[in-house]
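> Below are the sequence and a predicted model; questions follow.
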Amino acid sequence: MARAQSLCDRLAALPILDSVEHGDFSDGNVMVDATGAPRVIDWAEARVAHPFFSFERMAARLGRWRGLDREGPGIKRLEIAHNAAWSALAAPSEIAQARELAKSLQSLYFVVCDAALLRLPYMRAELRIGRLANPVHAFIHASRR
């Protein structure tokens, strides 16, 4: 846990502040309204947290569900647009550092969030093997690198 604390401390020291974080952002949670404007839906798992966690979860899901490479051109294009949104608050090197830290911490972050959700009575039906075990395994594996 000392490594996780160190990563969290480094992320918190950067100038990108916590904000509303979707918690379940994916291409399936973006709809287009009658005017053609995109709308993000399903905010049930939203919380205040570092804004890069949702992006990293989305990137991982696009890889798993859509076969997109995390370092490929599709996700890189999204990453560039996401970085631009934070450029008034942080230098490019700080944004890159925050992104790497969020990548390292995202599995642990979502384990903590999912564990909190699963304590809610209406979420108990969601409890299944792997919901918590898979992200814990991913964090442990990433920590060994």
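Alright, I've got the coordinates.

> Tell me which stretches of the protein form strands.
Listed in chain order, the strands of the chain (DSSP state E) span 19-21, 30-32, 38-40, 47-49.

> residues of the last one that come out buried?
Residues of strand 47-49 classed as buried: residue 49 (neighbour count, 16 or more other C-beta atoms under 10 Å). Glycine gets a C-beta too; all of them are placed from N, C-alpha and C.

> Adjacent strands (with direction) for it?
Sheet pairing here is set by DSSP bridges, and for strand 47-49 it gives strand 19-21 (antiparallel).

> got it, and the second one?
Taking DSSP bridges as the criterion, strand 30-32 pairs within the sheet with strand 38-40 (antiparallel).

> picking that back up, dump the strands of the chain to a markdown table, plus mean pLDDT and distance to residue 113.
Putting these into a markdown table (pLDDT from 0 to 100; distance: least, C-beta to C-beta, whole Å) gives the following:
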| stretch | mean pLDDT | distance to residue 113 |
| --- | --- | --- |
| strand 19-21 | 90 | 9 |
| strand 30-32 | 93 | 20 |
| strand 38-40 | 93 | 18 |
| strand 47-49 | 89 | 7 |
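
> between the ones you listed, which one is nearest to residue 92?
strand 19-21 (19.2 Å; C-beta to C-beta).
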